[in-house]
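Chemist: Below are the sequence and a predicted model; questions follow.
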Amino acid sequence: MSSNTSANIVITGQGIISAIGIGVQENLQALRDGRSGIGVMRYLNSSHHELPVGEVDRSNDQLKAMLGIASEREVNRTALLGMVALRQAIDEAGLWRHQHRRIVLVDGTTVGGMDLTERYFGSFCDSDEHIECMRQHDCGATTELMADYFGFFDESTTLSTACSAAANALIVGANLLRSGQADFVVAGGAEALSRYHLNGFNSLMILDHEVCRPFDDTRAGLNLGEGAAFVVMERELDARERGASIFGYLTGYGNACDAFHQTMSSPDGEGAYRAMTQALAMAGVQPDEIDYINAHGTGTVNNDQSESAALRRVFGDQMPPVTSTKMYTGHTTSASGAIEAVFSLLALRHCFVPANLGWSHASPDVITPSMGISQLTINQVLCNSFGFGGNDTSLVFSRRPKHNLDHLGTIRKVRVAAQVELTDPDSLADINKYIKPMEARRMGKLLKASLLTSFKALETAGIDAPDAIITATAWGCAEHNELLLDQLEREGEVPLKPTYFMQSTHNTISSNIAIHLHCHGYNVTYCHGMQSFDWALRDAKMLLQGGMCRTVLVGLHEEVTPLMRSLLGRLGLPLAPANLYSKAVVMTINEE
C-alpha cells in the first residue's frame, strides 16, 4: 500500500456491453444520439414476445467467438457478458503489466447461471447428461468463471443485492483499496436475461408492454435488459506513479436500507434519502454542487414516486438535471449500477447529460427529468441504484475530489458479542415470540430461521438493532427458487406465483431482517459459495475498524432441498452442514 496519507479512489479502466453497444465508444455514441436499444426479443427463448427487452445484440456463440471460447462449451450468458466487459476494462487500465500486484475482482449478480439451469432443469432428476451445468448455477460460480478466464485475479467475491449489486461492488472495492487489502480492484456486475426473472418480474405486474417512460405521468412499468460493466479502481497516488489515465474519482458512496417492503419502496424514499445524503457527505459535496443525477428511474409507478420524494428531500428547489438511462438499455438489474456508473463517468468526462427518452407528460408526484443537454460543465455526478428489499446505494463521481479520503483504520479491536446457531427445523416455532404468526406463515423456512437467530443473537448481545447487516448465503432461499423453476417447467410461462419470486432473490434474507428490525443501515449480501461467510466477516471488520459503524449483525443462512442435495452430491460439490442452517453473529468494537 502506498505511504501517501490520502486514499483517493480513481477509475483507470472501463468496460461495458449493453443493448446500445459493445465498448465505451458505442455506448457513448448511443447516449449522445438518444438511441434506445430496447426492442423485440431475439435471443431469449421466451413466449413473451409482447414484452420489449434490452438485449445485447450478440448470440452466445458470437460472444464465445469474441472471447476465443469453443462453441460447444457450455458457458452461461451472464459470465460471457461479464468476460467481454472485463477484458475491455483490464485492457484500458493496462492490468496485464501488473499481474504481480494484488488484483481483486468484485462482481455483482443475481441471475448467475440461471439461463442454463432453467434450460435443463427438467432433466436433472432423471439424467446426468446436463448436470455439469449446475456447477455454474450459483452467483459465485459465475464470478469464478469470469475470474478463471483471465487467470490473474488473486481473489474474487460476489455481491447479490438485486438491482444495487454492482454499485455495492464498487463500494466494497473502494473499501478494500482504502484498507490496503488490494492494489487494484476490478468492480462491477453482469446479468443476462432469463425466463426465470422475466416471468418473475411479470408476476409482480411491473413490466411495461411498451418502451418504458421513467418519470412520465403515463409510466406503466419497466423493461428488463441485460449487460455487464466493470471499472478498474486504484488509489490515486499509485495510478499517477504508473502514469495511468484517470477517468474520474469515486469520492463518495452511501449504502442504506429502506426497511419497508420486499418489492416496494417507501412513499418518502427513506432508504434512497439516506444513501444519497451519505454519499454527498463523504464526498464533501453540497446538494447544489451536484451537476447531474443518473437516477435509478425504472419507470414503475412506485419507484419513480419514491425516488422523486427522496430527491426532493435532498435537493429541494435546487434540483440539478436528472435523467434515467433505463430507456436505452432496459433495467439490467444487478448490472445496472455498473452500467450506469460508466454512463455517469462518460457524462462527467464528455460534459453532457443524456436525454430521458420517452418522457412527454409531467406529473406532480415525480420530478421533471431533463431531455438532454449537449454541453454542460460537469464536476460532480450522483448515480443511484435501488434494489428489491430496499437495498439502496448512491455513488458520487467527481472530476476532482473536494478533499482527500482517509485510509481505513485497522487498529480498532473487534469482538464477537453474541453468536446463535440453528439446525433443527422444529425450533422455528420460537419465531412466534418475535413476530406475529400471520407474518411467519408467509415466510419460507430459511427466512424464519435467519430472523430467529438474528433476534436471539441481538437479544443476547443486549442490542436492539445493529448499525449494519451483512448476510452470507451461497444459494439463498433454495426452496422458493426450486418451486418457481418447477412451476416454470411444468406449466410453462403462465403467470407464476409472486410469493415464489419475492423470496427468490438472495438479498431477501438480509432485507427481511432489516424490515423487522427497522434497521436503515448498511446492508449487503455475499453469495460466493463456501467463501461467502468469510467475505461477510471481512466486510464487517472493515466497517468496524474503519469507524463506519459500531455494531454489525453478520449471518450465514443456507438451506438445501432434497433435489439440491442429490445434484450437489452427484457432482461432488460441498454441502451445507444441514438441510437448514442459520448462524447469526453480533460483532462490535472492543472497548476494553
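Modeler: Good, I have the coordinates.
Chemist: Show the subsequent helix or strand relative to the one helix or strand residue 119 maps to.
Modeler: For residue 119, the host element (DSSP states H and E) is helix 114-120. Per DSSP H and E, the first helix or strand lying C-terminal to helix 114-120 is helix 139-150.
Chemist: what does that following helix rub up against?
Modeler: For helix 139-150, contacts defined as Cβ atoms under 8 Å, 6 or more residues apart in numbering pick out 67, 75-76, 78-79, 82-83, 86-87, 90, 105, 107, 109-110, 112-113, 135-136, 153, 156-158, 160, 190, 474, 506, 527-529, 531-532. (C-beta placed from N, C-alpha, C; glycine too.)
Chemist: Report the central residue of this protein.
Modeler: Residue closest to the mean C-alpha point of the chain, counted by Cα atoms, centre = their mean, is residue 165 at 0.8 Å.
Chemist: Give me the buried subset of the contacts of helix 139-150.
Modeler: For the contacts of helix 139-150, a burial check counting by 16 or more other Cβ atoms under 10 Å picks out 75-76, 78-79, 82-83, 86-87, 90, 105, 107, 109-110, 112-113, 135-136, 153, 156-158, 160, 190, 474, 506, 527-529, 531-532.
Chemist: Among these, which ones are in helices?
Modeler: Taking DSSP state H as the definition of helices, these contribute 78, 79, 82, 83, 86, 87, 90, 532.
Chemist: Tell me which two in these are the farthest apart.
Modeler: 87 and 532 (26.4 Å; Cβ to Cβ).
Chemist: Could you list the alpha-carbon positions for stretch 72-84 in CSV?
Modeler: This file holds the C-alpha atoms of stretch 72-84, laid out as CSV (Å, rounded to 0.1, in the frame of the first residue of the first chain):
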residue,chain,number,x,y,z
GLU,A,72,-19.5,-26.5,-27.9
ARG,A,73,-18.5,-25.5,-24.4
GLU,A,74,-21.4,-24.6,-22.1
VAL,A,75,-20.9,-21.2,-20.5
ASN,A,76,-23.7,-19.2,-19.0
ARG,A,77,-24.6,-15.9,-20.7
THR,A,78,-24.0,-13.8,-17.6
ALA,A,79,-20.4,-15.0,-17.5
LEU,A,80,-19.9,-14.4,-21.2
LEU,A,81,-21.2,-10.8,-21.0
GLY,A,82,-19.0,-10.2,-17.9
MET,A,83,-15.9,-11.5,-19.6
VAL,A,84,-16.4,-9.1,-22.6
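Chemist: how distant is it from the center of its chain?
Modeler: 19 Å (Cα atoms, centre = their mean, to the nearest Å).
Chemist: now it: mean pLDDT?
Modeler: Here stretch 72-84 scores 97 as its mean pLDDT.
Chemist: where along the stretch 101-250 of the chain do the strands fall?
Modeler: Here the stretch 101-250 of the chain has its strands, by DSSP state E, counting those that start in this stretch, at 103-108, 155-159, 184-191, 227-235, 248-257.
Chemist: Now mean pLDDT and distance to residue 425 too, for these, in a markdown table please.
Modeler: Formatted as a markdown table, the strands of the stretch 101-250 of the chain follow (pLDDT from 0 to 100; distance: least, Cβ to Cβ, whole Å):
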| stretch | mean pLDDT | distance to residue 425 |
| --- | --- | --- |
| strand 103-108 | 98 | 32 |
| strand 155-159 | 98 | 28 |
| strand 184-191 | 98 | 33 |
| strand 227-235 | 98 | 39 |
| strand 248-257 | 98 | 28 |
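Chemist: Residue 342 is nearest to which of these?
Modeler: Closest to residue 342 of the strands of the stretch 101-250 of the chain, according to Cβ to Cβ: strand 227-235, at 4.8 Å.
Chemist: In terms of secondary structure, what does that closest one contact?
Modeler: Applying 3 or more Cβ pairs under 8 Å, 6 or more residues apart in numbering; DSSP states H and E, we find strand 227-235 packed against strand 9-18, helix 77-93, helix 165-178, strand 184-191, helix 336-350.
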